[in-house]
Every structure is written in structure tokens, then in C-alpha cells.
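A.B. asks: Give me a model of this one.
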Amino acid sequence: MDTTTPNDLAASRTLWELIARRAALTPDAAVLLDTADRHLTFGELHDRAERVAAGLYGIGVHPGSRVCWQLPTRIETVLLSAALARLGAVQTPVIPLYRDREVGHALRETGAAHLVIPGEWRGFDFTAMADRLARGLPRPPAALIVDGTPRHPLPDGDPSVLPSAPSDGTEVRWIYWTSGTTSTPKGVLHTDRSLIAGGSCLAHALRMRSHDVGSIAFPYAHIGGPDYLVMLLLYGFPALLFEHFAMEDALDAYRRHGVTLAGGSTAFYTLFLAEQRKLPPGTQLIPSLRLLAGGGAPKPPEVYYDVVRELGCQLTHGYGMTEAPMITIGRPTDTPEQLATTEGPPPAAMEIRITDPDGKPLPPGADGEVRLRGEAVCHGYLDPAQTAEAFDEDGFFRTGDLGHLTHEGHLVLTGRLKDIIIRKGENISAKEIEDLLYAHPAVGDVAVIGLPDHQRGERVCAIVEQPPGAAPLTLAEATAYLRSRGLSVHKLPEQLEIVDALPRGDTLRKVLKYKLRERYGDHRYGDRDAARKAE
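C.D. replies: Next up, the predicted model:
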């Protein structure tokens, strides 16, 4: 009887070694499912990825070759990525919702020799985009169309032609891209070992079982893609892939496949809650669901309590970023208060330091910048100058996030360095106001930002997305509610804007505050704080 444990598998040197070890352990167990009811086993993942690797090798993709791929979340996408890992190529995944600007930037910065695209997807012609980009590049990449059909299949070949599989998991073989805001995205350098370390943190914290069924409702090209794959490989259970997430279709697939783990980010939690509230009392939205999990965006405490009470499952939220895909995550064994109000504890392999602006470590309970050190942290950026700026003299990565550690070791995030509003010299946390406002029944979602103000330096502006049927929220009502919840007078918003929908990113639906600052920052500001007298 084989006694290999998930911890043993997590020690694999490379992603391909991990794939091979899992295939040997449970070759006939399913690893990937899709909404068309196709499935792939661990053994098939290994064997077919080797054949794809041989096909790629035949068209000039060799160890160290740089390959940019931009594909939807499909079984073929995972096979392609696994094949590139078998070859030891350097792969740079790009979210399929990105267009000329972002893809062109990735191609220029990496010098990728190959670009894998889906042809046409969701009404967009990727082949035409590749042609446009090629005209502006000194060495255009060879374009390869892979759309999951017999017309454009994955490359295929004889694995006997392949060179030896890579054995060094510390070489940079992954280039991911930070979400672009007002500047160009940064290329983030990862290794097989950093991705395995991140996925291991997620897997061990969630305590998954071989009979669980997970789900990937976000782009596999996101850093969360390999994170999730590592979890499947460590614990031997499958995940349902969504090429494009639409709640109505997704619910049917969740129920049909008996999904036990779902999520992605806070936006997904609220989507599930909205659907649950359409059902008669006592009806469970997804009967098999036992756990929602995710990260990538702040989670108001109220969301945790709503999920547990209304969806009848547990919610564990985590903290991660492209530079460190899994930093902390709540554990099912944490207390309700810890799960609601913290991002969970870090794993043993992740060291968190909270510092003052000069880098001096701060004690538990004191707010400061969150800095990280550990195997799951990236190796820097494509631009060496950006790397030098991102790490301090002790080798800690500077996240730009603010927070503190509790005495029990759980991380509480309180905002971003650039998200602190300085009003008359006083620091105000946007997240504190957001968490309180979120609980108001007339608020569906909210973003709080600081806007330039000639009298105060910055003023507090709350932008609210209201739920269907809610009466219009006024500034007076919002500030009265915040005062009733104990918010200090000097933190109360001076401006309230109601929007149909907050601007969000393409992957985990994170609110894009820079767009709100652009939209409202140039507006003339009158005497709009008559609802309260804060002076």
C-alpha cells in the first residue's frame, strides 16, 4: 500500500515531477471536468501532456524557449501549460480578456518566440490581433491557434523524441503579469517551486479530500491557475472548469457535477448570495457545496456571516497577489470571528513582517506595511530596477498593503499605502469605512477613495453600487449610519456618489479605484458636507 502523503508530494522539485508522481498514484482518478461533460484523468493529463510536449518540440519549442499563451479556461489550456512545464520552456500566460495593449507589452518585454491563441473567442478575432502586433515587433512570434476543435488541435508527437524533463525547480520558467492600472503591467518572475509552495499553502489550509470536487471559475491564465492545479495534484481530486462564467449556466453545472468547493473572490460570494435570495426559504442553492474560498479582493465581515447563514456552507478567505499567490488563508478550524475579520494565518513557510515606514518591525496589533519572505514569493520582475525597489535589505518583499498581525498570528488588512486618505494630516483607512458601509441594506458594494481638496488635502468620497430595488441612498443617511456604527467624525465621507456598477478588473472582479479617482478627481467640489458638521 502506497503511503505517499500530500506533504511528500509538495516536496516535488518541479511541476512536471508532481504531475508524474500523482499520475503514478491515482492514474484513473479524474482531475479536470468541463461543462460539456468531458473529463481528463491524472494519468491522461500526464500522457497527453507528454505528446503535446513532443508536438511543441517538433515546431521549435525547446527547454528555455519563451512561449506566450492566451487561452480560455479549457482542458486544452491546462494540457498546453503542463506540456510546456515538461519541456522546461518559459511560459508567460496572458488573460484572454486582454487585448493589443497588454498582449503587445508582454510580447515586447519577454521576446516570446511563440504565441498560442484561440483563433476567435467570444466575438474577438485573436488571429487578427496577432497579425496587427506582428507588424510592430522586430521579431514577430510564430502564432499557433488552439481552439479545442479538430481543425486547430494541440500539437501532437512521439514522446521518445523529448529531452530529459527539467529537474531544477528554482529556475524562472513562469512570467505572470500584474494587473495594469495607469501604468503598464509588470512581468513577475516565478519558478516551479514558488508555484508549488503557493499551491501547497492553499491545499493544506483548506484540508481537501479525494472525494471533493473543486471549480475554476476564473481565467486559468491567472496566477491562481497553477495554484489550483497544485492543490488537485496534492490531494487527488478534480475541478470543474468554466470557459466563461455565467451564473445561470454555472449553477446547473455545479449541481450536476456535485461541486463541493467554489468561489474565486468576494464578487463571486455576493453572486452566490444574490441567487440564494431568489429561492424559497429552506432551499439550498448548491446542495453539495460545503466550502466557498477565494481571495484577491477585500472581504467585508458581513459577507462571511451572510454566506454561512444563507448558503449553509463555510467561507474561508485568503490573501494573495501575483507576486505571492498564497500568503494567508482562513482555515475551516478558525473561529467565526477570525474567519470574518481576518485574512487567516500564514503557513509555516511564509514569514510576514509588519513594519513602520522605515522598515522597522512592529509588534502584534500595530498597523504598518505588510512585508513577505518565503519560497512562494516571486523572484522579482523582468525589470531589475523594479526588483531592487520591491525588496528590502533583509530580502522581504514590500507588498504596499497595510495591516497588522493579531496575537494569534492572523493577518488583518486595513488598506493600501496608496489607499490611505490623509485628511487634515490625519490618516483614514478606506477599508474601515467600506466594511461598515457594506452592511447598510441600501449598499450592494462600495469603494471609498480620497480626492484632492484644497482645504483638507484630501476629502473622503464613497462610491456606492446599490442592490436592485433599493431606495436612493443620501449622504446624510450614509453618515448617520456610520456614526451609529461608531465611526469617528473625522472619518465620515464628505461626498457620496451612486453608480450603476463599480469598475472592475477582468479576472477576480476587483474594484479598480484608479478609474474612480480619474472619474471624480477633476470634478469641482462644492459645499456638500452640510449633512454633518465635521469642522
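A.B. asks: Low-confidence ranges, the stretch 101-250 of the chain, go.
C.D. replies: By pLDDT under 70, the low-scoring segments of the stretch 101-250 of the chain are 179-183.
A.B. asks: What segments of it are strands?
C.D. replies: Ranges of strands within the stretch 101-250 of the chain are 114-117, 120-121, 124-125, 142-145, 172-177, 187-191, 214-216, 239-241, based on DSSP state E, counting those that start in this stretch.
A.B. asks: Out of the ones you listed, flag the one nearest residue 515.
C.D. replies: With Cβ to Cβ as the criterion, residue 515 lies closest to strand 172-177 of the strands of the stretch 101-250 of the chain, at 18.6 Å. Any C-beta I mention is one placed from the backbone N, CA and C, and that applies to glycine too.
A.B. asks: Distance from the chain centre to the closest one, please.
C.D. replies: When distances are taken as Cα atoms, centre = their mean, to the nearest Å, strand 172-177 is centred 15 Å away from the chain's centroid.
A.B. asks: who does that strand touch, helix- and strand-wise?
C.D. replies: strand 90-93, helix 100-110, strand 187-191, helix 192-206 (3 or more Cβ pairs under 8 Å, 6 or more residues apart in numbering; DSSP states H and E).
A.B. asks: can I get the CA coordinates of the last one in PDB?
C.D. replies: Meaning helix 192-206. What follows is helix 192-206, C-alpha atoms only, in PDB (Å, rounded to 0.1, in the frame of the first residue of the first chain):
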ATOM      1  CA  ASP A 192       8.100  25.800 -10.300                       C
ATOM      2  CA  ARG A 193       9.000  25.700  -6.700                       C
ATOM      3  CA  SER A 194       7.400  29.100  -5.900                       C
ATOM      4  CA  LEU A 195       4.200  28.000  -7.500                       C
ATOM      5  CA  ILE A 196       4.200  24.600  -5.800                       C
ATOM      6  CA  ALA A 197       4.800  26.400  -2.500                       C
ATOM      7  CA  GLY A 198       1.900  28.700  -3.100                       C
ATOM      8  CA  GLY A 199      -0.500  25.900  -4.100                       C
ATOM      9  CA  SER A 200       0.600  23.800  -1.100                       C
ATOM     10  CA  CYS A 201      -0.400  26.600   1.300                       C
ATOM     11  CA  LEU A 202      -3.800  26.700  -0.300                       C
ATOM     12  CA  ALA A 203      -4.300  22.900  -0.300                       C
ATOM     13  CA  HIS A 204      -3.100  22.300   3.200                       C
ATOM     14  CA  ALA A 205      -5.200  25.100   4.700                       C
ATOM     15  CA  LEU A 206      -8.500  24.000   3.000                       C
END
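A.B. asks: quick one, it and strand 172-177 angle?
C.D. replies: Compare the direction of helix 192-206 with that of strand 172-177 by axes from the mean of the first three to the mean of the last three Cα atoms, to 10 degrees and you get 70 degrees.
A.B. asks: Tell me which residues touch the spatially closest residue to residue 356 that is not a sequence neighbour, please.
C.D. replies: Once flanking residues are discounted, residue 356 sits nearest to residue 368: 5.4 Å by Cβ to Cβ, 6 or more residues apart in numbering. By Cβ atoms under 8 Å, 6 or more residues apart in numbering, residue 368 lies in contact with 354, 355, 356, 362, 402, 403, 404.
A.B. asks: Quick check: beta-bridge partners of the second one?
C.D. replies: Spelled out, that is residue 355. Beta bridges link residue 355 to residue 361, residue 369, judged by DSSP bridges.
A.B. asks: Quickly list the domain ranges of the protein.
C.D. replies: Here the domain parsing of the chain from automatic domain parsing is 6-195, 424-520.
A.B. asks: TSV for these, including distance to residue 261 and mean neighbour count?
C.D. replies: Formatted as TSV, the domains of the chain follow (distance: least, Cβ to Cβ, whole Å; neighbours: other Cβ atoms under 10 Å):
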stretch	distance to residue 261	mean neighbour count
domain 6-195	13	19
domain 424-520	16	17
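A.B. asks: low-scoring pLDDT stretches of the stretch 401-535 of the chain, where are they?
C.D. replies: Within the stretch 401-535 of the chain, the stretches with pLDDT under 70 are 425, 454, 506-508, 522-535.
A.B. asks: In it, mark out all the strands, start to finish.
C.D. replies: 411-416, 420-423, 426-429, 445-453, 457-465, 495-499.
A.B. asks: Now render those strands as CSV, adding distance to residue 98.
C.D. replies: Formatted as CSV, these follow (distance: least, Cβ to Cβ, whole Å):
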stretch, distance to residue 98
strand 411-416, 23
strand 420-423, 30
strand 426-429, 31
strand 445-453, 23
strand 457-465, 24
strand 495-499, 24
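A.B. asks: how about these, which one is nearest residue 202?
C.D. replies: Closest to residue 202 of these, according to Cβ to Cβ: strand 411-416, at 15.2 Å.
A.B. asks: Save the contacts of residue 368 as TSV, and put in neighbour count and distance to residue 76 too.
C.D. replies: Converted to TSV, the contacts of residue 368 look like this (neighbours: other Cβ atoms under 10 Å; distance: Cβ to Cβ, whole Å):
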residue	neighbour count	distance to residue 76
354	21	43
355	18	44
356	12	49
362	15	48
402	22	41
403	23	39
404	19	44
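A.B. asks: Closest to residue 312 out of those?
C.D. replies: Set against residue 312, the nearest of the contacts of residue 368 by Cβ to Cβ is residue 403 (30.2 Å).
A.B. asks: How much space separates the closest one from residue 419?
C.D. replies: 12 Å (Cβ to Cβ, to the nearest Å).
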